[in-house]
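>>> sharing a model that was predicted from the sequence below.
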Amino acid sequence: MVSSLPKSRVKQSTSKNGTSGSTSNPLSQITKLESTLLGDEYDPNPLLPLIALSRHDDPQIVHKAVWALHRVFIKLIGDGRVGGLNGDLTVKQSKSEITEEDNDHDLNEEREVKAWVRERLLEYIEVLGGLVRDSEPALRSSSIPLLFSLLPPLSTSIPSSTPLIHIPFFRLILSLLLNPKASLRGAKPKSKSEGWKIVEANQVEEDEGVLPPDVVKIVIDDFWAKYDDLRWAFFKESSNYVQTQPYINQSNLLSQLLPLVNLPKLPEDINAFYIPTFSEPPSGLSNTKKVKKVNKKGKTRYKGEIDELPEWMKEYESEASDVESDDDDQSAKGGNGKRKRQRTSTMSIHQSIYSILSHTTYYTNIWENILSMIPLEDHWIRKILIGLHGEYGIMGHFKPERRLRIADWLSTLVDRGGPNAMLAMNGLFVLMTQYNFEYPHFYDRLYGLLDRNVMHVKYRARFFRLLDTFLASSLLSSALIASFIKGLSRLSLTAPPAGIILILPFVYNLFKRHPGTMVLIQRPDDGVLRISSTLGKEGYVDPYDPEEKQVLKTNAINSSLWEIAALQKHYLHSISTIAKVFGEVFTKPEFGLEDFLDHGYGTLFETESNRKIKNPPALSMGIETATSDSLPDLFPSHKGSEGKTDGDEDVVEKEGDIVSQLWAF
């Protein structure tokens with residue numbers, strides 16, 4: 001039940017449904033109510049019927065009502081007629097907080113009126129938050145700008161000597177975007193005014209609690225990616241939200257966070273602000289220009305946002321560099337020559353928004369919290385792994401000294417196996433080659449991913465692209481490469497033709513890069529390329545151990561590629577032709593792997609059907625019937641046949657044409 005205004009201050013509405021006593025058209029009624037609220041004589045009572053109209057079932061009426069309420073509340077906030085904006089907007093003010101032991105009756109009444117208007121503001125925000133999941137696209141696209149448009153006036157309404165973001169209201173926006181509520185269009189109050197009975201027909205078809213894609217696009221394109229101050233606040237408050245909320249819709253959070261790859265790299269990149277007061281940089285900004293400083297020893301030094309470290313030290317800087325420490329601050333103020341750092345925890349909001357370090361720190365925090373606290377779904381894990389690398393990837397915006405922390409998450413994914421394991425291996429490979437990460441069992445884990453299932457999955461092409469990258473170094477040992485050659489060759493025996501077409505040029509390229517493995521096809525003993533049906537008994541015993549997990553202990557270097565020799569007899573002409581390349585002199589250049597990655601049954605059939613045949617095969621053959629004993633009977637009949645034995649050979653007399661018998665239906 002909404003609270004009413006004191007009778008001594010304003011007149012009560014007389015309508016039972018809270019819309020007004022007038023029977024005029026709702027659209028004209030909205031115009032009249034808005035004019036009353038924006039008039040010279042202050043009367044906040046029309047807020048009740050206007051908010052009621054914002055829950056009307058007709059989307060046109062709702063659209064006009066929410067825009068009218070927007071103009072009204074912008075004016076009321078600017079005139080200081082909304083109370084309790086300095087605290088948590090989601091917490092209702094108590095009577096004691098309103099009176100504050102003040103005996104002035106008029107002043108107390110004014111505060112009560114402001115508190116009442118504050119409650120109406122929260123009702124309006126609730127309506128806007130529900131419209132993000134409304135079935136009407138126009139209402140969804142209008143609700144987001146209306147929500148954000150309240151942030152600048154609320155931020156400037158807080159008395160402060162420096163520009164601020166109204167964090168309580170921003171957290172309210174964030175909660176509505178991460179865990180959206182149902183649309184209240186057409187909703188009716190339940191018994192005892194507890195909640196609303198929503199209309200299912202007015203809800204979007206997305207799963208419950210999921211933001212529609214068009215709303216996500218508006219939030220990203222028009223707010224998070226466009227304005228530096230909003231993006232900074234999003235990183236900071238989302239990190240806190242993940243830590244404090246027991247449940248969070250990962251789809252809503254990651255769909256908004258993953259596309260944000262335009263973080264500022266230089267101080268001049270911070271130049272777009274949604275709240276106008278941030279357009280002026282803070283006084284004495286340390287990262288816009290270098291300030292000369294003379295220490296007690298008389299030496300001139302330069303101090304920026306933080307003291308610059310040598311390149312070799314930056315990778316090993318402790319996390320404590322961005323955490324507030326009183327002891328360090330006290331020691332830094334002394335004359336002992338210790339560094340004094342400007343920490344993100346001691347910056348004001350104004351300074352933090354202009355700080356590259358602050359943006360990077362909160363971006364790192366939110367990703368660390370997500371990867372460590374939220375059980376992610378497989379398709380989101382895959383998207384994160386794909387967006388992990390590159391100059392504008394997730395890892396490229398991490399704090400340099402904290403990039404290695406993501407290795408634990410990647411190692412866990414590798415242990416699980418499956419389609420995400422290879423992408424996780426790519427992440428570990430980048431950490432090893434670019435950030436000095438040590439992972440001694442990398443190639444053992446990579447070798448363990450070579451199973452028969454990898455040849456039958458959709459991500460086969462991506463798997464071989466990454467595998468080609470991992471095995472590209474010429475510094476890898478011949479024994480290690482031999483294990484991969486032998487493992488891939490063994491997979492080719494059970495792989496589909498499209499997979500074999502990919503394995504053969506891949507193995508050929510490995511031989512070209514690592515000549516030490518040529519012993520596999522040029523072994524001088526009798527096990528060169530021979531295939532035996534009695535392996536382990538009388539024939540060739542392959543020393544390769546396919547069950548061994550450690551790549552250097554498979555003994556593949558002492559084996560031979562009899563699997564490739566088997567493929568030289570393959571029924572598909574293109575496979576047998578490529579397999580015969582291994583029996584020739586290795587003078588050909590490396591194959592272009594991209595030419596073989598996207599082959600399937602369709603492309604193989606098209607290749608065979610379009611292949612030019614030099615000597616066309618005979619499609620028919622004329623058969624002459626035997627007329628004398630000198631001409632053989634090519635197709636004898638089985639009728640009247642009698643078996644006769646002549647020495648060791650069976651001689652059967654045939655009569656008639658057996659082919660004609662077979663084709664007689």
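Arrived safely, thanks for sending.

>>> only C-alpha atoms for contact and neighbour calcs from this point on.
Fine.

>>> now Leu211: how far from Ser255?
To Ser255, Leu211 is 9 Å away according to Cα to Cα, to the nearest Å.

>>> so which of those two has more stuff around it?
Legend: neighbour count by other Cα atoms under 10 Å for Leu211 and Ser255, higher for Leu211 (24 against 17).

>>> quick one, what contacts that one?
Residues near Leu211 by Cα atoms under 8 Å, 6 or more residues apart in numbering: Val132, Arg133, Leu177, Leu178, Pro180, Asn252.

>>> likewise for Glu237?
Contacts of Glu237 were listed using Cα under 8 Å, 6+ apart, and they are Arg171, Leu174.

>>> on that earlier part again, now which of the contacts of Leu211 would you call buried?
Neighbour-count burial (16 or more other Cα atoms under 10 Å) applied to the contacts of Leu211 gives Val132, Arg133, Leu177, Leu178, Pro180, Asn252.

>>> show me which of those residues is closest to His456.
Set against His456, the nearest of the buried ones among the contacts of Leu211 by Cα to Cα is Asn252 (32.6 Å).

>>> okay, and that closest one sits in which element?
Asn252 is part of helix 250-257 when elements are defined by DSSP states H and E.

>>> and the contacts of that helix?
The contact list for helix 250-257, computed with Cα under 8 Å, 6+ apart, reads Leu177, Leu178, Asn179, Val210, Leu211, Val216, Val219, Ile220, Ile374, Leu376, Trp380.

>>> ok, stretch 270-289 next?
With Cα under 8 Å, 6+ apart, stretch 270-289 has contacts from 151-152, 155-156, 163, 165, 223, 226-230, 264, 267-268, 303-305, 350-351, 354-355.

>>> so Pro180 sits against Asp134, correct?
No - with contacts counted by Cα atoms under 8 Å, Pro180 stays clear of Asp134, the gap being 10.8 Å.

>>> tabulate the CA atom coordinates of stretch 427-444 in PDB.
What follows is stretch 427-444, C-alpha atoms only, in PDB (Å, rounded to 0.1, in the frame of the first residue of the first chain):
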ATOM      1  CA  GLY A 427      45.800 -19.900 -23.700                       C
ATOM      2  CA  LEU A 428      48.600 -21.800 -21.900                       C
ATOM      3  CA  PHE A 429      50.800 -21.600 -25.000                       C
ATOM      4  CA  VAL A 430      50.400 -17.800 -25.200                       C
ATOM      5  CA  LEU A 431      51.200 -17.600 -21.500                       C
ATOM      6  CA  MET A 432      54.300 -19.700 -22.000                       C
ATOM      7  CA  THR A 433      55.600 -17.800 -25.100                       C
ATOM      8  CA  GLN A 434      54.700 -14.300 -24.200                       C
ATOM      9  CA  TYR A 435      54.500 -14.100 -20.400                       C
ATOM     10  CA  ASN A 436      57.200 -16.400 -19.100                       C
ATOM     11  CA  PHE A 437      54.800 -19.000 -17.700                       C
ATOM     12  CA  GLU A 438      56.200 -22.400 -17.000                       C
ATOM     13  CA  TYR A 439      54.100 -25.400 -17.800                       C
ATOM     14  CA  PRO A 440      56.400 -28.400 -18.100                       C
ATOM     15  CA  HIS A 441      53.700 -30.900 -19.100                       C
ATOM     16  CA  PHE A 442      52.300 -28.900 -22.000                       C
ATOM     17  CA  TYR A 443      53.200 -31.400 -24.700                       C
ATOM     18  CA  ASP A 444      52.100 -34.400 -22.600                       C
END
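
>>> need the residues that contact that stretch.
Outside stretch 427-444, the residues touching it (Cα under 8 Å, 6+ apart) are 315, 385, 388-389, 403-404, 407, 410-411, 425, 470, 549-551.

>>> the same query, at a cut-off of 6 Å, please.
For stretch 427-444, contacts defined as Cα atoms under 6 Å, 6 or more residues apart in numbering pick out Gln550, Val551.

>>> quick one: list the elements packing against the lengthiest helix in the chain.
Assignment by DSSP state H gives helix 105-131 as the longest helix of the chain. Helix 105-131 sits against no helix or strand, with contacts defined as 3 or more Cα pairs under 6 Å, 6 or more residues apart in numbering; DSSP states H and E.

>>> gap between that helix and the chain center?
Helix 105-131 sits 39 Å away from the centroid of its parent chain (Cα atoms, centre = their mean, to the nearest Å).

>>> below-threshold pLDDT in the stretch 51-200 of the chain: ranges please.
86-106, 191-193 (pLDDT under 70).

>>> rerun that using 50 as the cut-off
Along the stretch 51-200 of the chain, the parts satisfying pLDDT under 50 run over 95-96, 98-101.

>>> quick one, strands of it?
With DSSP state E, counting those that start in this stretch as the criterion, the stretch 51-200 of the chain has strands at 188-189, 196-197.

>>> lowest-pLDDT helix or strand in this protein?
Here the helix or strand of the chain ranked lowest by mean pLDDT, DSSP states H and E is strand 300-303, holding a mean of 35.

>>> which ones are touching the closest residue in space to Ser483 that isn't next to it in sequence?
Closest residue to Ser483 apart from its sequence neighbours, by Cα to Cα, 6 or more residues apart in numbering: Ala556 at 5.1 Å. Going by Cα under 6 Å, 6+ apart, Ala556 touches Ala482, Ser483, Tyr544.

>>> could you rerun that using 8 Å?
Ala556 neighbours (Cα under 8 Å, 6+ apart): Ala479, Ala482, Ser483, Lys486, Pro543, Tyr544, Asp545.

>>> next one: the fifth one from Ser483, what distance?
So that's Pro543. In this view, Pro543 and Ser483 are 12 Å apart by Cα to Cα.

>>> shared neighbours of the two, anything?
Contacts common to Pro543 and Ser483, judged by Cα under 8 Å, 6+ apart, are Asn555, Ala556.

>>> of these two, who's got more company?
Neighbour totals were compared for Pro543 and Ser483, and Ser483 leads with 25 against 14 (other Cα under 10 Å).

>>> next one, pLDDT for the more buried one please.
Model confidence at Ser483, given as pLDDT, is 95.

>>> check the offset of the host helix or strand of it from the chain's centre.
Element membership of Ser483 [criterion: DSSP H and E] is helix 478-492. Relative to the chain's own centre, helix 478-492 is displaced by 33 Å; criterion: Cα atoms, centre = their mean.

>>> pLDDT (mean, whole number) over the very next helix or strand once past that helix?
Going down the chain from helix 478-492, the next helix or strand is helix 497-513, by DSSP H and E. On average, the pLDDT along helix 497-513 is 89.

>>> same question, stretch 346-356
On average, the pLDDT along stretch 346-356 is 90.

>>> that one: which residues count as buried?
Across stretch 346-356, burial judged by 16+ other Cα under 10 Å covers Ile349, His350, Gln351, Ser352, Ile353, Tyr354, Ser355, Ile356.

>>> from Tyr42, how far off is Glu34?
Glu34 is 12 Å from Tyr42, by Cα to Cα.

>>> do Thr346 as well
43 Å.

>>> before we move on, what about Ser483?
In this view, Ser483 and Tyr42 are 84 Å apart by Cα to Cα.

>>> same thing with Gly387?
Per Cα to Cα, Gly387 is found 54 Å from Tyr42.

>>> so what's Thr554 closest to, chain neighbours aside?
Nearest non-adjacent residue to Thr554, counting by Cα to Cα, 6+ apart: Asp545, 5.1 Å away.
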